[in-house]
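Chemist: Pasting the sequence and the predicted model now:
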Amino acid sequence: MLAQEDYRGIRQAHFEKGKSQQGAHMTAFHDLRDYIERLVGELGEGEVRIVEGANWDLEIGCLTELMAEREGPALLFDNIVGYPKGFRVMSNFMGTAARCAMALGISPNLSKVEIIRAWKDKSKQLTMIPPIEVASGPILENVLEGSAVDLTKFPAPKWHEHDGGRYIGTADLVITRDPDTGWVNMGTHRGCIQSKDRLSLWLLGDRHARMIASKYWKRGEACPIAVVFGCDPVLWTVGPTPAPVGVSEYDIAGALRGEPVEVLMAPGTGLPIPAHAEIVIEGEMPPIEEESAIEGPFGEWPGYYTHIGPETVIRVKRIMYRNDPIILGAPPMLPTTTPGYQALPLSSAVATWEHLESAGVPNIRGVWAFARNLMIVVSIEQRYEGQAMQALVASAGRRRIGGMERYFVVVDEDIDPSDLNQVLWAICTRVDPAESIQIMHTRTSDIDPRLSPKKRADKDFSMGIALIDACKPFAWKDQFAMSNRFDDAARAKVLERWKSKLPMLAETSK
Ligand SMILES: Cc1cc2nc3c(=O)[nH]c(=O)nc-3n(C[C@H](O)[C@H](O)[C@H](O)COP(=O)(O)O)c2cc1C
C-alpha cells in the first residue's frame, strides 16, 4: 500500500506526463459514474441512453444484444420492473472503438488498428502503482449484514432465454488473497444468484482464484472472498487480464490510471475492495465437496450454452452498495457481435503483436482479432520469401493450450486487418486453397461447441487450426494483378471536392 505523500508525488508526475502527451486523455476515472459523465461530455449526449421501465427478465438482455449488434450507445437501465428507481444496470459500456479508447486513455479519433498499436505501446511503458488504502468510501453508504443480506434486492438480469438463473456477475471482479504470500488477485468469473445469501461462481481449473482457494481448502478453511459488481472501465479491463502469479491487477490498474486505486479493507475478510465500487459482497467460499450449486447453463461467448454442473458457492456475509447502485453488465453474445463491454480485441491483438515482434517478424502493419479471437489477422509488408509463413507460425505459437483460436490469417500491407471485407477479399482472391492453407492439430477449450459428444465424454479436446496465407505470393508479388480500387489519395481528392454536396460520403468513407 502507498502512503498519502507518495500518492501525491505520483499524481503530480502523471499530471505533468499527461499534459505533455498530445491528445492523451487522463484515464483516472474516479468511478463508473465519472466515466458515464465523461462519455457524455467528451463524445456527446448520444453515447449513453437511459432506458426506463425495462424488465430484468430477458428484456434488458435482449435490448443489450440488439444495441450491441448496432454498435449503439451504452445503456443505463433505471426504473427496472419490480425494483425501486435508482437500482440500475449498465450494459454496452465500451461497445464502440471510440468508447473503448476513451475508457483507456487513448484518443478516440484514431483508427482501430492505431488504437491497438497505442495500447501496445502504452502497456510496454507501465510502472506498477499499488493501491492506496482509504478509511472510507461511497461503497459503505449501505451495508447489509446477517439476516438482512439479500442478493435479490438488486435487479440482476436474466440475460439469455435459457440461462439457468440471474447472473449479477458478468462484468464483475472476484478478489482473493494468497494465504502464503499476501498477493491479492482479481479475475472475472460469472456469478449467479442461487438464493438471498448464496452466489455461485464458475472458476475454471487454471484460474488463480481457484488456485488460491485450494490453498485455504487444503488447510481445512473456507476461502475469504469479495466480488465487485460495478467499477470504472480501467479496473474492469484489468480484472479479466491474466496477470502472472504474484502480480496484483490492482497495481496494473494503478499503472494505467497513473494513480493508485483507492481501496478500503472489507470489514469481514480484510480484502481490499475499490472504495468507489457500486456493489461489493464479501463472504467465504467453502470447498466444493462441502457445498456446491448447479451452475449454468449460461449463454457463453462462443455463442452457445455448453457448461452446466456443480460449482463453487460463496456464503455471502455482507453486501455493501452505493446509493443508486449500478450493476455493470457484460453478457456474452455471439462472437461476431461487437461485445458491448469491449469493442476492441485489446488483449489478444496486443499479445499477438508483441509475440510476433519478439519472434523477430519484421514489418508488421497491424494485428486484429475477429469473432472474439477465433480468427487472428496479421498484416505485414513482405520483404522476403517465407515471411508470411513465419508470421502465421508465430501467431499460432501464442495460442494457449485450451484456447479457441481457429483461423490465423496473414495479409499484405494494403489490407486493413480490422476490416472484415478487405480480409475476405484477400482470402477469396490471393489464396489458392490447395497451396496456401496449412492445417495443424492442437487442443481446444471445453466450451467449444464443435467437440463431438463422444470426444467430450472421452475428455478428448483435440481440434484443428488453419493457417491461411492470404498474401500475394512473394515470388511473383510484383506481377500480381493490379487492384481496381481507388487509392486513398485519389479518394481524398474527390471527397474534398464533393463532400459538401454529398455529405454522407464523408461520414461513411474509410
Ligand atoms: C466477460 C468475461 C467473463 C469471464 N467469465 C469467466 C468465468 O465464468 N470463469 C472463468 O474461469 N473465467 C472467466 N473469464 C476469464 C477470466 O476472467 C480470466 O481468465 C482471468 O485472467 C482469470 O483471472 P486470473 O488471472 O486470476 O486467473 C471471463 C473473462 C471475461 C472477459
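Modeler: That came through, no problem.

Chemist: CA only for contacts and neighbour counts going forward, please
Modeler: OK.

Chemist: Around the ligand, pick out the residues from this protein.
Modeler: 170-171, 185-190, 202-204, 207-209, 240-243, 330 (CA under 6 Å from any ligand atom).

Chemist: give me that answer again for 8 Å
Modeler: 170-171, 185-191, 201-210, 239-245, 330-332, 341 (CA under 8 Å from any ligand atom).

Chemist: Quick check on the residues you listed: which are buried?
Modeler: 170-171, 185-191, 201-203, 208-210, 239-240, 243, 330-332, 341 (16 or more other CA atoms under 10 Å).

Chemist: Quick check: helices, which of the residues you listed are part of them?
Modeler: Members of those lying in helices (criterion: DSSP state H): His208, Ala209, Arg210.

Chemist: For the stretch 101-250 of the chain, just list every one of the helices.
Modeler: Under the criterion DSSP state H, counting those that start in this stretch, the stretch 101-250 of the chain contains helices at 112-124, 208-218, 233-238, 249-257.

Chemist: Looking at the residue nearest to Leu374 when sequence neighbours are not counted now. What's its pLDDT?
Modeler: The spatially closest residue to Leu374, leaving aside those adjacent along the chain, is Glu405, at 4.1 Å (CA to CA, 6 or more residues apart in numbering). Note on Glu405: pLDDT of 97.

Chemist: Touching stretch 206-219 from outside, list them.
Modeler: Defining contact as CA atoms under 8 Å, 6 or more residues apart in numbering, one finds that stretch 206-219 is touched by 174-179, 185-187, 203-205, 222-223, 245, 285-287.

Chemist: how about the CA coordinates for stretch 306-318, as CSV?
Modeler: Taking C-alpha atoms only, stretch 306-318 is exported to CSV below (Å, rounded to 0.1, in the frame of the first residue of the first chain):
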residue,chain,number,x,y,z
THR,A,306,-22.4,-25.6,-23.0
HIS,A,307,-21.4,-25.7,-19.4
ILE,A,308,-23.6,-26.8,-16.6
GLY,A,309,-22.7,-28.6,-13.4
PRO,A,310,-22.0,-28.4,-9.7
GLU,A,311,-19.7,-25.4,-9.0
THR,A,312,-18.4,-23.4,-6.0
VAL,A,313,-20.6,-21.1,-4.0
ILE,A,314,-20.0,-18.1,-1.8
ARG,A,315,-21.7,-17.8,1.5
VAL,A,316,-22.4,-14.1,1.4
LYS,A,317,-21.9,-12.5,4.8
ARG,A,318,-22.1,-8.8,3.9
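
Chemist: Go through that stretch and flag the buried ones.
Modeler: Neighbour-count burial for stretch 306-318 [16+ other CA under 10 Å]: Pro310, Glu311, Thr312, Val313, Ile314, Arg315, Val316, Lys317, Arg318.

Chemist: how far off helix 208-218 does the longest strand anywhere in the chain point, in degrees?
Modeler: Ordering each strand of the chain by length in residues (DSSP state E) puts strand 309-321 first. Going by axes from the mean of the first three to the mean of the last three CA atoms, to 10 degrees, strand 309-321 is angled at 100 degrees with respect to helix 208-218.

Chemist: Pairing partners for strand 309-321, with directions?
Modeler: When pairing is defined by DSSP bridges, strand 309-321 lines up against strand 142-145 (antiparallel), strand 198-201 (antiparallel), strand 279-285 (antiparallel), strand 292-295 (antiparallel).

Chemist: Tell me the confidence at Pro242?
Modeler: Per the predicted model, pLDDT is 86 at Pro242.

Chemist: change the start of the numbering to 53 and stick with it
Modeler: Sounds good: first residue 53 from here, last item Pro294.

Chemist: How about it, nearest residue that isn't a chain neighbour?
Modeler: Nearest to Pro294 is Gly239, by CA to CA, 6+ apart, at 7.9 Å.

Chemist: OK, contacts around the one you found?
Modeler: Per CA under 8 Å, 6+ apart, neighbours of Gly239: Asp224, Leu225, Val226, Ile227, His260, Ala261, Gly291, Pro292, Thr293, Pro294.

Chemist: could I get the strands paired with strand 361-373 as JSON lines with mean pLDDT?
Modeler: As requested, these are exported to JSON lines (pLDDT from 0 to 100):
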{"stretch": "strand 194-197", "mean pLDDT": "98"}
{"stretch": "strand 250-253", "mean pLDDT": "98"}
{"stretch": "strand 331-337", "mean pLDDT": "98"}
{"stretch": "strand 344-347", "mean pLDDT": "98"}
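
Chemist: Let's have those strands in JSON lines, adding distance to Glu406.
Modeler: Formatted as JSON lines, the strands paired with strand 361-373 follow (distance: least, CA to CA, whole Å):
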{"stretch": "strand 194-197", "distance to Glu406": "44"}
{"stretch": "strand 250-253", "distance to Glu406": "32"}
{"stretch": "strand 331-337", "distance to Glu406": "35"}
{"stretch": "strand 344-347", "distance to Glu406": "36"}
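
Chemist: quick one, strands of the stretch 203-352 of the chain?
Modeler: Ranges of strands in the stretch 203-352 of the chain, per DSSP state E, counting those that start in this stretch, are 219-221, 224-229, 236-239, 243-247, 250-253, 275-281, 314-317, 324-326, 331-337, 344-347.

Chemist: how much space between Trp528 and Ala478?
Modeler: Using CA to CA, to the nearest Å, Trp528 is found at 16 Å from Ala478.

Chemist: more neighbours, these two?
Modeler: Neighbour comparison, Trp528 and Ala478: the larger count goes to Ala478, with 21 against 8 (by other CA atoms under 10 Å).

Chemist: which parts of the helix or strand containing the more buried one are buried?
Modeler: In the assignment (DSSP states H and E), Ala478 maps to helix 472-482. Buried residues in helix 472-482, counted by 16+ other CA under 10 Å: Val475, Ala478, Ile479, Arg482.

Chemist: ok, how many other residues are close to Glu342?
Modeler: Neighbours around Glu342, by other CA under 10 Å: 10.

Chemist: Which residues are in contact with it?
Modeler: Contacts of Glu342 by CA under 8 Å, 6+ apart: none found.

Chemist: And it, its phi and psi?
Modeler: phi -80, psi -40 (degrees, to the nearest 10).
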